[in-house]
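> Show me how the following folds:
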Amino acid sequence: MATAETVELGPPHAPKEESLKVFSEIEHELKKTLLHMKHTYLKHEPEYFAPVQSLSDHDLTSFSSADLRLVRVGVSAYGLHLFGKLRLPAMPDSGPAYLHFRAFVGGDGHDRPGVATFHCIHTEDREEPDGGRTYRAVFTEDDPLEWFDT
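Now for the predicted structure:
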């Protein structure tokens, strides 16, 4: 299994043609998963998607490849790991307005070489110094795009 310890991610950069192609191949699944997560987390832990709860499903998923701001790419024996920072156009510029997602493109040794698959949307569960917890799935422009598993 690929991990932050076994795969070195390249530096963040604007998406290039290949990253935009991967995004277009996973866009439908990304939107479907985002809506499912928003509605599921609303029942159990609404803080994850609190910044976007007032958006309609249509507005929340109104993004396109033009809203993909940054990517980081790493290569493993299995294939290419793409991490993306996606701007939610329905959100105001101030505050949280970005999703971080992960995709994978199988390499020659993979059972589906060249096929892009959606992996996950990043959710963060962080323990605060006071012992409390914060939960989020919508990030700010300044939040770094780093390796994540969930």
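> in the chain, which spans are strands?
68-75, 79-87, 98-106, 116-121, 124-127, 133-136 (DSSP state E).
> Any chance you could list what contacts the second one?
So that's strand 79-87. 2, 7, 9, 12, 15, 19, 22-23, 63, 67-75, 97-107, 110, 113, 139, 145-148 (C-beta atoms under 8 Å, 6 or more residues apart in numbering). Every C-beta, even on glycine, is put in place using the N, C-alpha and C of the backbone.
> where's residue 138 relative to residue 2, distance?
The gap separating residue 138 from residue 2 is 25 Å, by C-beta to C-beta, to the nearest Å.
> Tell me which of the two has more neighbours.
Ranked by neighbour count (other C-beta atoms under 10 Å), residue 138 and residue 2 place residue 138 first, with 25 against 17.
> Run through the residues that contact the residue sitting nearest the centre point of the chain.
Residue closest to the average C-alpha location in the chain (C-alpha atoms, centre = their mean): residue 101, at 1.4 Å. Going by C-beta under 8 Å, 6+ apart, residue 101 touches 26, 30, 83, 84, 86, 118, 119, 120, 121, 122.
> Now do the contacts for residue 52.
Residues near residue 52 by C-beta under 8 Å, 6+ apart: 38, 60, 88, 90, 91, 138.
> Just name the closest of those to residue 51, please.
Set against residue 51, the nearest of the contacts of residue 52 by C-beta to C-beta is residue 138 (4.5 Å).
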